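Peer 1: my questions concern the predicted model and sequence given below.
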Amino acid sequence: MPVSRDAKGQLLLGTVPLRQLVDDARWTTPFYAYDLDAIVAGARSLDRAFGRAPHLVCLAIKANTAGPILEALGRLGLGADVVSGAELSVATRAGIPPERIVYSGVAKLDAEIDKAIGLGNRGILALQLESLEEIARVEARAKASGRTARVSIRINPSLKRELLSTHDHIATGHDEAKFGVPRDDVREAVRRVGASPMLNLVGFNFHIGSQLTEVDGYRESAALLCQIAQDAIAGGCNSLEFLDTGGGFGIDYGSGCSVTPDDFVAVVVREFERTNLGHLTMVVEPGRAIVGAHGVLVARTVQTKVAGHCQWIIIDAGMNDLIRPALYQARHRIVPIDDHNGPTESWVVVGPVCESSDDFGAHELPSKAPSAVAILDAGAYGFTMASQYNGRALPDELFISNGAVVAVLRGRTSAEWAASRFA
Ligand SMILES: Cc1ncc(COP(=O)(O)O)c(C=O)c1O
């Protein structure tokens, strides 16, 4: 459980009472707080799930780009999955070496490709190619820079929608999604990459979607990936170093989740063994499963509102701070940060943003509305998707380790936003 309560009923993140942070004059609500120790412990446990098999866990940093988190995970030996040149810069600045970085994305810019090819002695671990068209573009950039590009072919396994146990907006492994080379074009992709002296085919990869709550689609995709690798090897490809089975490991947002990250790893390990590909490195790219549960968004109640049969708690965090509920009907648990023993009732929790979708849903909360709440499981796709819509500030981010705040990232203020609107 990412949060707990102390003997007095105060909500703790790690061992720090969130009330203590709310009352601290150095920062103001809303703010994100992350438990660095729990993130590191979770990453260690995921790492152990691979046993002795050669593997690399690349954090999908789109889930969380905070330097203190990336530095801690980098020290542990994790790599990064990035999707832009800016994310690539953040990953390397956090000390993650290029050979532990994979780069996905359907439309990498020329400058971004150049940067990835040019890093270190031999560029990043792999540029993950998402289409036949991209092969020619990366080849051209490799020629222009005079360096071979290390590439992986991202496969779209063309899964039936039923096998993608997730919300439509975050399902990527089906034919209508813009991601990856369609399974029918993979042979041609391998031929084109193999024919280019400027491209070095070092891997195959997939990422079929996020917040997967069953492993069936993942297993089918892993089997396909291994089959494709075997075919490539049989066809004379001797440069393969890894197979990357993406991320998407679902977490429990409060309504239960029957799979664990270890279940996904077990699927991969089994497929590699079954197909005798144990000499290749297993790469995975989870984001949410590493950081999601260990971050909270803390907000104060601004006021309540009762009208007819509706009643709202209006907090000072909005959809600009955490957009997942508005974007794909995600539900986060919301709990008071202080002790509460009295009666409870159903409150709709909303933010101050001028949009009807600025709505965190109905929650059973104390009848006497709490003065501050924590929105749980907000460590992934929380701050990274935040905006300054309505001229709002970006929230501060606090990092907790060993019972203390060890780092703070200051959000951009409303005043800075206002100044930025003029030349
Ligand atoms: C290519 C790629 N890899 C990994 C991930 C991480 O997904 P998750 O955070 O669900 O593990 C994503 C998320 O969208 C992605 O697009």
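Peer 2: Here it is on my side, so go on.

Peer 1: run through the helices of the stretch 101-250 of the chain in chain order.
Peer 2: 110-118, 132-145, 186-195, 216-234 (DSSP state H, counting those that start in this stretch).

Peer 1: those helices into a markdown table, with extra columns for mean neighbour count, mean pLDDT and distance to L76?
Peer 2: Every residue, glycine included, has its C-beta placed from N, CA and C. Listed next are the helices of the stretch 101-250 of the chain as a markdown table, based on neighbours: other Cβ atoms under 10 Å; pLDDT from 0 to 100; distance: least, Cβ to Cβ, whole Å:
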| stretch | mean neighbour count | mean pLDDT | distance to L76 |
| --- | --- | --- | --- |
| helix 110-118 | 19 | 98 | 23 |
| helix 132-145 | 18 | 97 | 30 |
| helix 186-195 | 17 | 97 | 32 |
| helix 216-234 | 19 | 95 | 24 |
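
Peer 1: so which of these is nearest the ligand?
Peer 2: Closest to the ligand of the helices of the stretch 101-250 of the chain, according to Cβ to the nearest ligand atom: helix 216-234, at 11.2 Å.

Peer 1: ok, and what's touching that closest one?
Peer 2: For helix 216-234, the external contacting residues (Cβ atoms under 8 Å, 6 or more residues apart in numbering) are 155, 157, 159, 163-165, 173, 183, 186-187, 190, 201, 204-206, 208-209, 212, 240, 243, 245, 248, 264, 267-268, 271-272, 274-275, 277, 280.

Peer 1: alongside the ligand, which residues does the stretch 51-200 of the chain contribute?
Peer 2: Residues of the stretch 51-200 of the chain lying close to the ligand (Cβ under 6 Å from any ligand atom) are 60, 62-63, 81, 104.

Peer 1: can you turn the buried part of the contacts of helix 216-234 into a PyMOL selection?
Peer 2: Buried members of these can be picked out in PyMOL with the line below, counting by 16 or more other Cβ atoms under 10 Å:
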select buried, resi 155+157+159+163+164+165+173+183+186+190+201+204+205+206+208+209+212+240+243+245+248+264+267+268+271+272+275+277+280
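
Peer 1: contacting residues around R137?
Peer 2: Contacts for R137 were tallied using Cβ under 8 Å, 6+ apart; they are 108, 110, 113.

Peer 1: partners of the longest strand along the chain in the sheet?
Peer 2: As assigned by DSSP state E, the longest strand anywhere in the chain is strand 295-307. Strand pairing for strand 295-307, using DSSP bridges, gives strand 31-35 (antiparallel), strand 310-315 (antiparallel), strand 372-375 (antiparallel).

Peer 1: okay, the angle between the following helix or strand past the shortest one and strand 31-35?
Peer 2: It stands for strand 372-375. Next helix or strand after strand 372-375 toward the C-terminus (DSSP states H and E): strand 396-401. Taking axes from the mean of the first three to the mean of the last three Cα atoms, to 10 degrees, one finds that strand 396-401 is oriented at 20 degrees with respect to strand 31-35.

Peer 1: could you list every helix and strand in contact with the helix or strand just after strand 396-401?
Peer 2: Using DSSP H and E, the helix or strand that follows strand 396-401 towards the C-terminus is strand 404-409. Counting contacts by 3 or more Cβ pairs under 8 Å, 6 or more residues apart in numbering; DSSP states H and E, strand 404-409 packs against helix 67-76, strand 396-401.

Peer 1: what are the buried residues along strand 404-409?
Peer 2: With burial defined by 16+ other Cβ under 10 Å, the residues of strand 404-409 counted as buried are 405, 407, 409.

Peer 1: what number of residues lie near V22?
Peer 2: Neighbour count of V22, defined by other Cβ atoms under 10 Å: 20.

Peer 1: looks like it contacts A372 (just checking).
Peer 2: Yes. Applying Cβ atoms under 8 Å as the test, V22 and A372 come out as touching, 5.0 Å apart.

Peer 1: which of the residues of the stretch 51-200 of the chain next to the ligand lies closest to D37?
Peer 2: A63 (18.3 Å; Cβ to Cβ).
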